[in-house]
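> what would the 3D arrangement of this be:
(chains A and B)
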Amino acid sequence: EADIYQTPRYLVIGTGKKITLECSQTMGHDKMYWYQQDPGMELHLIHYSYGVNSTEKGDLSSESTVSRIRTEHFPLTLESARPSHTSQYLCASSDSAGVNIQYFGAGTRLSVL
Amino acid sequence: GEDVEQSLFLSVREGDSSVINCTYTDSSSTYLYWYKQEPGAGLQLLTYIFSNMDMKQDQRLTVLLNKKDKHLSLRIADTQTGDSAIYFCAEERTYKYIFGTGTRLKVLA
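Modelled structure (predicted):
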């Protein structure tokens, strides 16, 4: 069982609020990822990190930002939430050795009213 | 194109075999993966195949890889109702995954 945790699992919030989605892993993995999953299922990479103080934007443009101050923690922040941010957000991590298996958290389902 | 493509839906009867297909784009991908997503959950790795292999079998799962056609398939033998989920293939490009569009498998009792 993967040791990667996301909180909250569900969040309903009003437009304009600042929110932070938390993601933590206890496996000591260097690489961490944030994906946005559409209601129609497709996953899109929005941010990734190869280690502490390393963050990159993914393939899908996102208004969110991330930070990686500690290996185990990779929070995602939306400064001003909008209804278009309503989605499921999935966090994942992987190590640097051999096969790049990504371990996923259970996700945060965000609804912005 | 840049997309990894899968058919959106598959419906099978319990006990039958399921075959989920995937067409990927990057011939230099070292590994290709199959993940399963159950309702309300994240993705869970089912299996993966190294790009120099044609086939990999793991209990009820068989992965076939046709590099020439960039085609990957996942066969689930003796499909059970617990196999109902969304299945994603993924190719790897420089430590990042490009996921397929996902196939929703429905198993009928």
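> enumerate every residue touching the residue of chain A at minimum distance from chain B.
Nearest residue of chain A to chain B: A:Phe104, at 3.4 Å (Cβ to the nearest Cβ). For every residue, glycine as well, the C-beta is placed using N, CA and C. By Cβ atoms under 8 Å, 6 or more residues apart in numbering or on different chains, the contact list for A:Phe104 reads A:2, A:4, A:90-92, B:35, B:42-44.
> test for you: state the pLDDT assigned to the residue lying closest to it once chain neighbours are set aside.
Spatially, and ignoring its direct neighbours in sequence, A:Phe104 is nearest to B:Gly42 (3.4 Å; Cβ to Cβ, 6 or more residues apart in numbering or on different chains). Note on B:Gly42: pLDDT of 89.
> residues in contact with B:Gly42?
Contact partners of B:Gly42, counting by Cβ under 8 Å, 6+ apart, are A:6, A:90, A:92, A:104-107.
> now secondary structure too, for those residues, in JSON lines please.
As requested, the contacts of B:Gly42 are arranged in JSON lines below (DSSP: H, G, I helix; E, B strand; the rest coil):
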{"residue": "A:Gln6", "secondary structure": "strand"}
{"residue": "A:Leu90", "secondary structure": "strand"}
{"residue": "A:Ala92", "secondary structure": "strand"}
{"residue": "A:Phe104", "secondary structure": "strand"}
{"residue": "A:Gly105", "secondary structure": "coil"}
{"residue": "A:Ala106", "secondary structure": "coil"}
{"residue": "A:Gly107", "secondary structure": "coil"}
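> between the residues you listed, which is nearest A:Val52?
Taking Cβ to Cβ as the measure, A:Val52 lies nearest A:Ala92 of the contacts of B:Gly42, at 17.3 Å.
> so the closest one sits against A:Met27, correct?
No: if you go by Cβ atoms under 8 Å, A:Ala92 and A:Met27 don't touch, sitting 11.2 Å apart.
> overlap in contacts of those two?
What both A:Ala92 and A:Met27 touch, as defined by Cβ under 8 Å, 6+ apart, is the set A:4, A:103.
> neighbour count: the two, which is higher?
A:Ala92 (27 against 13; other Cβ atoms under 10 Å in any protein chain shown).
> so how far is B:Asp78 from that one?
30 Å (Cβ to Cβ, to the nearest Å).
> how about B:Asp3?
For B:Asp3 relative to B:Asp78 (Cβ to Cβ), the value is 31 Å.
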